[in-house]
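> Dropping the sequence and predicted coords here.
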Amino acid sequence: MNSRLQSLKRGNRMVGRKLDDTEIGAILEAFSESREAKARVTNQTTTFKTILACSNVYVSAFLIIYTFFEINLLQPLESGLINEDFLTVLDGRANIMFWLLVLMNMSAYFNIAFKIMCLIAVIVMLNATVDNLVLFTGLVSFEERPYLTLFIISRPLFLVAIIWMGIVYNSALADD
């Protein structure tokens, strides 16, 4: 039994072998060089970077406020406003906004189909903006519903930001 165990250990020498510092360094260096080469491919404007950062902040803030409402950490000023139907709508919008933002960030990072992602985001956000304006226009009041009002008013601005981001995105290769 002991000899069989030793033969298995000899046969599977590579399975239990760990990487040494030199090999780990070589792997990390290979990936860092490929990322640096990819980062030099496009030169994005400061406007694009600013709009992308603001979009990330906007969606993150919306998701945080939605999460606070969902777990009853943030109470609405009007108790009848937040019901199950309203939370269902907000849940769907929060998920869509989160995944659109993730896909837009990934496509901007890898320089793959960013303008297509912007077009998809514009279509989804245009639909959500029209829904918000039609369904929730009567609920606009900074005194009674500040969070909802801010969300309703800022959604068209977010739509404009996505359109502007798609326009100023530079997908061309750098001349370097």
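Sure, I can see it. Numbering: from 1, shown residues only.

> Val134: how many residues sit nearby?
When counting by other C-beta atoms under 10 Å, one arrives at 9 neighbours for Val134. For the C-beta atoms, the positions are set from N, CA and C on the backbone; glycine is no exception.

> so where do the helices sit in the chain?
Here the chain has its helices, by DSSP state H, at 2-11, 13-16, 21-39, 46-70, 84-110, 114-136, 146-168.

> per-residue pLDDT, the nearest residue to Met104 once chain neighbours are set aside?
Excluding the flanking residues, the one nearest Met104 by C-beta to C-beta, 6 or more residues apart in numbering is Met117, at 4.8 Å. pLDDT, Met117: 92.

> In contact with Met117, which residues are there?
Listed by C-beta atoms under 8 Å, 6 or more residues apart in numbering, the contact partners of Met117 are 100, 103-104, 107.

> Out of those, who's the most crowded?
Each of the contacts of Met117 was scored for neighbours by other C-beta under 10 Å, and Met104 scores highest at 23 neighbours.

> for it, what are its contacts?
Contact analysis of Met104 by C-beta under 8 Å, 6+ apart lists 52, 55, 114, 117-118, 121.

> quick one: it and Thr149, what's the gap?
Distance, Met104 to Thr149, by C-beta to C-beta, to the nearest Å: 26 Å.

> And Glu23, by the same measure?
57 Å.

> now swap in Ala108 and tell me
Ala108 sits 31 Å away from Thr149, going by C-beta to C-beta.

> ditto for Phe69
From Phe69 across to Thr149, the span is 14 Å (C-beta to C-beta).

> quick one, which of these two is more surrounded?
The neighbour count for Phe69 versus Thr149, taken as other C-beta under 10 Å, is higher for Phe69 (20 against 16).

> Touching, the more buried one and Val89? I think so.
No. Checked against C-beta atoms under 8 Å, the pair Phe69 and Val89 is beyond contact range at 11.7 Å.

> Run through this structure and note the low-pLDDT ranges.
Applying pLDDT under 70 to the chain flags the ranges 1-17, 32-42, 72-87, 136-147, 172-176.

> Now do the contacts for Lys115.
Applying C-beta under 8 Å, 6+ apart to Lys115 gives the contacts 166, 169, 171.

> Among those residues, name the buried ones.
Using 16 or more other C-beta atoms under 10 Å as the burial test, these include 166, 169 as buried.

> count of neighbours near Val130?
13.
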